[in-house]
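**Student:** whatever this is, show me its structure:
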Amino acid sequence: MSIFMVLFMVMLIAWLLGFAAFHVAGGLIHLLLIVAVISLVLHFVRGARTA
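**Tutor:** Residues are numbered from 1 along each chain as shown. Sure thing, here's the model as predicted:
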């Protein structure tokens, strides 16, 4: 599993928790979603690398 997939999962979970539970920093939560989507796109654009 690449660092981009881990980053995507962490950011997505943080966004979901922030959106559902805290609902305080709306702009920051959506910024986390954007970072998660960008990391996912980078993961697929670069492709999976074998070690």
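**Student:** low-confidence stretches in the protein?
**Tutor:** For the chain, the stretches with pLDDT under 70 are 1, 19-27, 29, 48-51.
**Student:** who are the contact partners of the residue nearest to the spatial centre of the chain?
**Tutor:** Taking C-alpha atoms, centre = their mean as the criterion, residue 36 is the residue nearest the geometric centre of the chain, at 2.2 Å. By C-beta atoms under 8 Å, 6 or more residues apart in numbering, the contact set of residue 36 is 7-8, 11-12, 15. To be clear about C-beta, it is placed using only N, CA and C from the backbone, and glycine gets the same treatment.
**Student:** among these, which one sits closest to residue 40?
**Tutor:** Nearest to residue 40 among the contacts of residue 36, counting by C-beta to C-beta, is residue 8 at 4.5 Å.
**Student:** run a quick neighbour tally on the closest one.
**Tutor:** 20 (other C-beta atoms under 10 Å).
**Student:** same question, the one 10 residues further on
**Tutor:** Close neighbours of residue 18, defined as other C-beta under 10 Å, add up to 18.
**Student:** likewise residue 33?
**Tutor:** Considering only other C-beta under 10 Å, residue 33 is surrounded by 16 other residues.
**Student:** quick one on the thing from earlier: of the contacts of residue 36, which is the nearest to residue 43?
**Tutor:** Among those, residue 8 lies closest to residue 43 (C-beta to C-beta), at 6.8 Å.
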